[in-house]
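Trainee: Here's a sequence, model it:
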Amino acid sequence: MTTASSGAGEHLVVRRSNHTTIHYTAAGPADAPALVLIHGWGCNRTDFDAVTDHLPEGHRVLTVDLAEHGESRSTRESWTIEEFAHDVAAVLEAESVTTAVVVGHSLGAAVAVEVGRLLPGTVSRVIALDGLHYLSLFPAQSEDQAEAVLGLFRNDFPAAVRGLVLGGSPAGTDPALIDAYFEKMVAVRQPAGLRAMEALVHWDMDAALRETKPPITVFAVRALLTQEAVDRYGDRFDIVLVDLGSHHFPVEAPEATAHLLAAVRS
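Mentor: Okay, the predicted model is just below:
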């Protein structure tokens, strides 16, 4: 593990096999319970910079770049949600974490569930930030359904990314924000970007939830949550409606997001 200092905390790197280097930022007491923040697809750990600024003291806050996102790099062939969870687990091992709340935004929520499944004795709670309730992405899809989604990304990647951003933007979302999210996400490193989307669509969330012991809280954007999702998963995780902006509300409302996390961090 290597380290460098920064204003927002320590910039650290943990190395895995297949030339995988996972970059993360750590702030707070080293011996405190951990709060782990995982970004969404095509994003990176800087999405949580302002959130971290508003979190209460007393936790070891770890913001992680998944492989081939942000500063993290990898030449591996496996891009499953489970393998992304091992990226996070490597950070927890390097930090000697014994108890953690794992928070994930969007795809990061799926990764957080897998971390909870992988480390049930360490993870005390999983928190999803507008993740897990999108029925066209998260539950296991049929082959035809999966190919319908993935075909869009394979045939016209920018148009598919634009559609993804628009789908997470309620009426009234600032067009400049939509453009900013698109420009960030469309630049995701390849082939990992497409492979990660394939992993998400093929991830069997129902199976993962059956084997995940920690309680799960989902903060869902009210305008984006469907009754079908509530009916299907309302008895499996605690769904809390929020009105803080778009699918990317942690970026748009970092102080309010920090307050949400502080309220259910253990």
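Trainee: give the contact list for the closest residue to P158 other than its chain neighbours.
Mentor: Using CB to CB, 6 or more residues apart in numbering and skipping the chain neighbours, the partner closest in space to P158 is V186 (5.3 Å). Where you see a C-beta, it was placed from the backbone N, CA and C, and this is true even at glycine. By CB atoms under 8 Å, 6 or more residues apart in numbering, the residues touching V186 are 42, 157-158, 161-162.
Trainee: So how do I select the buried members of the residues you listed in ChimeraX?
Mentor: Only the buried members of those enter the following ChimeraX selection, criterion being 16 or more other CB atoms under 10 Å:
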select :42,157,161,162
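Trainee: follow-up on the earlier one: could I get the pLDDT score of the residue nearest to P158?
Mentor: As predicted, V186 sits at a pLDDT of 97.
Trainee: again, but for the one 3 residues further on
Mentor: Here the pLDDT value assigned to R189 is 95.
Trainee: Against I38, how distant is it?
Mentor: Noted for R189: a distance of 17 Å to I38, by CB to CB, to the nearest Å.
Trainee: ok, those two, which is more surrounded?
Mentor: More neighbours surround I38 than the other of R189 and I38, with 34 against 15 (other CB atoms under 10 Å).
Trainee: quick one, what contacts the more buried one?
Mentor: 64, 66, 88, 102-105, 108-109, 111-112, 115.
Trainee: and those, which of them are in strands?
Mentor: Using DSSP state E, the members of the contacts of I38 that fall in strands are 64, 102-105.
Trainee: By neighbours, which of these wins?
Mentor: V102 (33 neighbours).
Trainee: Return the residues in contact with that residue.
Mentor: 36, 38, 88, 112, 115-116, 123, 125-127.
Trainee: change it to 7 Å
Mentor: 36, 38, 112, 115-116, 123, 126 (CB atoms under 7 Å, 6 or more residues apart in numbering).
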